[in-house]
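Colleague: okay, structure incoming, though there's no sequence with it:
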């Protein structure tokens, strides 16, 4: 056996990370005036007309969002001749798991970087590199939805530019063929599942190999079974010990017993290739999937089916009548950006974020860019995909939106929760349910 | 440069001839042969030494330093917690499981891949039509990058995938399993894929060892009446032992560190059923950004490998390396 090459690469990456961290670990200043911002430079110290260059890290590596972002840069630079923005699209997992943590420990973080808010952003703020842009965005932040998810300690450390909602993406053609309708209650979903299985389809696809798709299921049961105040308190205290979370686990176990997923779902990835859960829905092997509103573009990426977008429909997580939680709460999140660098760079960054959240750019991001729901509800009409339009319409009527738990919590408790839920999927029992309850506080 | 120093410097006799022909003037410049030797050693060893210290030694020391802190990767290292990362690791059932899986894979690699590699190498060492082709085929999987192996096998092993179809075509549909989704099967699946990838390496290494065994010895044994099995057992295998020992060393260290194929096939799942020490380390370090804890895991893994390497060097490889050194120096 020989795995030394790959391990050496990992070791090197970790080493580089730790070495980079060591270089900056002594600095905890929250005013990183010396930072030059990911290779960017700021040539003057005062005046609004001084030249500023900003580096922008995002995960829009593919069209159509890449083109929308490039056009946004052009439009912004035309209106702000003193600001230059360098676009650096980076593959999502690499960006979130490796590049950003390392950059925030180094001395040269990107001036604008993507993150998903919540506890993870709160943790990034402890690096001392993320700029507090509360004052820079105060004049307009009240006009957008979801901004509170990008706060830490009551201060604005980031701004969302689009929002996401998790729900069921289903194949309308398969539903029609089997003669079933969109379920509104869990009992109806189970009945639909049985009919789909009898017709030879995998009723629901899930990418359990990645763990976080499993977490969507448990979290939705928790939203249905627990009052909002209990959910909020649990995330704040990083403990899911309240009895309603136990009920959520029990409900999930009962649902798992109905065998709703594809064969071998524990080994299925969510987004990679035709064999992934997204790929199974795209190819018509499975009828539906509980996923975020990025799912249609993932499906399109792993499928040659040109009619896919018209065959896709959306419906919210079914209701569980009689439960203590909200029956119309949605799970979701969004893509936001934070700023680093000097005060002047932070100001320029905040101006760019304001531009991204302006009506015309919002229409581009959710329309041609197909990136979820707009932060300006007025721009929902720009969404082109019918299924996403349904999701956006429901999103407006939802009683509240809860951030994905693994993002709302700091990184480690969030990952512990995902792991505990994935273990529960593998073998639902009282001990694995207890592990979920205790997971965030595991040291 | 004289002939002897050229040879010592590893340049070979040809280079020595050449430098001798270039004239004695150059040689005279060096008043002290000891100084010359020291300079040569410094120039030749320094680049390697700098790389070794910078990219091997220093990172190990830094990792050990981080392992004493509760550190998420953000902010300064200021939460010193002593050995708590280590004590927590050994209390975490997932880490104990990861150690068990790693040891399972290591023992299985030695016990199953070893005899297989020796057997196939002995067969491929005989002369027969198509031997070269077969040797290439056997070695081919090893040439594939582990990432490609992982992706390829994850497609082959999908439910209803190629592996299942082949089994069904041969009337063995009853053997079909959820290769990557069944917590009781997945570690075996991972081992089969690892064997597929790394068996060729062992075979080629052993074939090289077999080439070095003089035919005269085997012929002499045959003349003395030894049968093929006796020749193999009394002549071939003992003379192949140094190569087998080196193969064992590389295999054990590689197995202890195994990461890439496992990560791509299963990410250590489902429910940690195929997690190894390395996948556990990456999950805790990169996914959970608990770099202090992951550093402790890295140090534990390093300690395992280091202790094994020392013991193996002392008890198994000592004769081989001593012999090698004696030949080189003498």
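Modeller: Cool, the structure landed. Everything numeric in this text was worked out from a predicted model, so none of it was measured.
Colleague: so, low pLDDT: which residues of the chain?
Modeller: Just going to use chain A. Within chain A, the stretches with pLDDT under 70 are A:1-49, A:442-443.
Colleague: right idea, wrong chain: chain B
Modeller: B:1-31, B:321-330.
Colleague: what lies in contact with stretch B:100-108?
Modeller: A:1, B:187, B:190-191, B:194, B:251-252, B:255-256, B:258, B:274-278 (Cβ atoms under 8 Å, 6 or more residues apart in numbering or on different chains). Where you see a C-beta, it was placed from the backbone N, CA and C, and this is true even at glycine.
Colleague: just those residues: which are in helices?
Modeller: Residues of those located in helices (DSSP state H): B:187, B:190-191, B:194, B:251-252, B:255-256, B:277-278.
Colleague: ok, now which ones touch residue 158?
Modeller: Because you didn't say which chain, this covers chain A. Residue A:158 is in contact with A:115, A:117, A:121, A:130, A:133, A:150, A:336-339, counting by Cβ under 8 Å, 6+ apart.
Colleague: please go with chain B instead
Modeller: A:264, A:267, A:275, B:180.
Colleague: can the helix or strand harbouring residue B:121 be said to contact chain A?
Modeller: In this assignment (DSSP states H and E), residue B:121 forms part of helix B:114-124. No. Taking Cβ under 8 Å from any Cβ of the partner chain as the criterion, helix B:114-124 and chain A are apart, separated by no less than 11.3 Å.
Colleague: what lies in contact with whichever helix or strand comes after that helix?
Modeller: Once the chain leaves helix B:114-124, the next helix or strand it forms, by DSSP H and E, is helix B:131-143. With Cβ under 8 Å, 6+ apart as the contact definition, helix B:131-143 has outside contacts at A:2, B:120, B:124, B:149, B:196-201, B:203-204, B:207.
Colleague: between helix B:131-143 and helix B:114-124, how many degrees?
Modeller: With axes from the mean of the first three to the mean of the last three Cα atoms, to 10 degrees applied, the angle from helix B:131-143 to helix B:114-124 works out at 150 degrees.
Colleague: got the buried residues for the following helix or strand past helix B:131-143?
Modeller: Once helix B:131-143 ends, the next helix or strand along the chain (criterion: DSSP H and E) is helix B:146-156. For helix B:146-156, a neighbour-count test (16 or more other Cβ atoms under 10 Å in any protein chain shown) marks B:146, B:149-154 as buried.
Colleague: tell me the angle helix B:146-156 makes with helix B:131-143.
Modeller: 90 degrees.
Colleague: chain center to helix B:146-156: distance?
Modeller: Put simply, helix B:146-156 sits 20 Å off its chain's centre (Cα atoms, centre = their mean, to the nearest Å).
Colleague: list the contacts of the helix holding residue B:121.
Modeller: With contact meaning Cβ under 8 Å, 6+ apart, helix B:114-124 is reached by B:131, B:134-135, B:138, B:195, B:199, B:202-203, B:205-207, B:210, B:232, B:236-237, B:240, B:244, B:247-248, B:251.
Colleague: just the buried ones from those residues?
Modeller: Among the contacts of helix B:114-124, those buried by neighbour count (16+ other Cβ under 10 Å) are B:135, B:138, B:195, B:199, B:202-203, B:205-207, B:210, B:232, B:236, B:240, B:244, B:247-248, B:251.
Colleague: please flag which of the residues you listed sit within helices.
Modeller: Among the buried ones among the contacts of helix B:114-124, the ones falling in helices (DSSP H) are B:135, B:138, B:195, B:199, B:202-203, B:205-207, B:210, B:240, B:244, B:247-248, B:251.
Colleague: how about the residues you listed, which pair is most distant?
Modeller: The largest separation in those, counting by Cβ to Cβ, is between B:135 and B:248 at 21.7 Å.
Colleague: could you dump the contacts of residue A:158 into TSV with secondary structure and distance to residue B:288 added?
Modeller: Below are the contacts of residue A:158 laid out as TSV (DSSP: H, G, I helix; E, B strand; the rest coil; distance: Cβ to Cβ, whole Å):
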residue	secondary structure	distance to residue B:288
A:115	strand	16
A:117	coil	18
A:121	helix	16
A:130	strand	20
A:133	coil	28
A:150	helix	22
A:336	strand	21
A:337	strand	24
A:338	strand	21
A:339	strand	26
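Colleague: just the buried residues of those residues.
Modeller: Among the contacts of residue A:158, those classed as buried by 16+ other Cβ under 10 Å are A:115, A:117, A:121, A:130, A:133, A:150, A:336-339.
Colleague: who touches the closest residue to residue A:384 other than its chain neighbours in this structure?
Modeller: Setting aside the residues directly before and after it, residue A:384 is nearest to residue A:367 in space (Cβ to Cβ, 6 or more residues apart in numbering or on different chains), at 5.7 Å. Counting by Cβ under 8 Å, 6+ apart, residue A:367 touches A:382-384.
Colleague: could you do residue A:165 as well?
Modeller: Taking Cβ under 8 Å, 6+ apart, we find residue A:165 in contact with A:292-293, A:330-332, A:372-373, A:391-392, A:394-395, A:398, A:401.
Colleague: wait, a strand at it?
Modeller: Yes. Counting by DSSP: H, G, I helix; E, B strand; the rest coil, residue A:165 is found in a strand.
Colleague: quick check: beta-bridge partners of it?
Modeller: residue A:332 (DSSP bridges).
Colleague: out of the buried residues of helix B:146-156, which touch chain A?
Modeller: On the criterion Cβ under 8 Å from any Cβ, B:146, B:154 are the entries of the buried residues of helix B:146-156 that sit beside chain A.
Colleague: leaving out sequence neighbours, find the closest residue to residue A:317.
Modeller: residue A:220 (4.4 Å).
Colleague: which non-adjacent residue is nearest residue 117?
Modeller: By default, I'm working from chain A. Of all residues not flanking residue A:117 in the chain, residue A:149 sits nearest, at 4.0 Å (Cβ to Cβ, 6+ apart).
Colleague: was after chain B, sorry
Modeller: Excluding the flanking residues, the one nearest residue B:117 by Cβ to Cβ, 6+ apart is residue B:202, at 3.3 Å.
Colleague: how close does the one you found sit to residue B:107?
Modeller: 15 Å (Cβ to Cβ, to the nearest Å).
Colleague: equivalent analysis for residue B:64, please.
Modeller: Here residue B:64 is placed at a distance of 28 Å from residue B:107 (Cβ to Cβ).
Colleague: who has more neighbours, the two?
Modeller: The neighbour count for residue B:64 versus residue B:107, taken as other Cβ atoms under 10 Å in any protein chain shown, is higher for residue B:64 (15 against 12).
Colleague: can I assume the more buried one is in contact with residue B:295?
Modeller: Yes. Using Cβ atoms under 8 Å, residue B:64 makes contact with residue B:295 at a distance of 7.4 Å.
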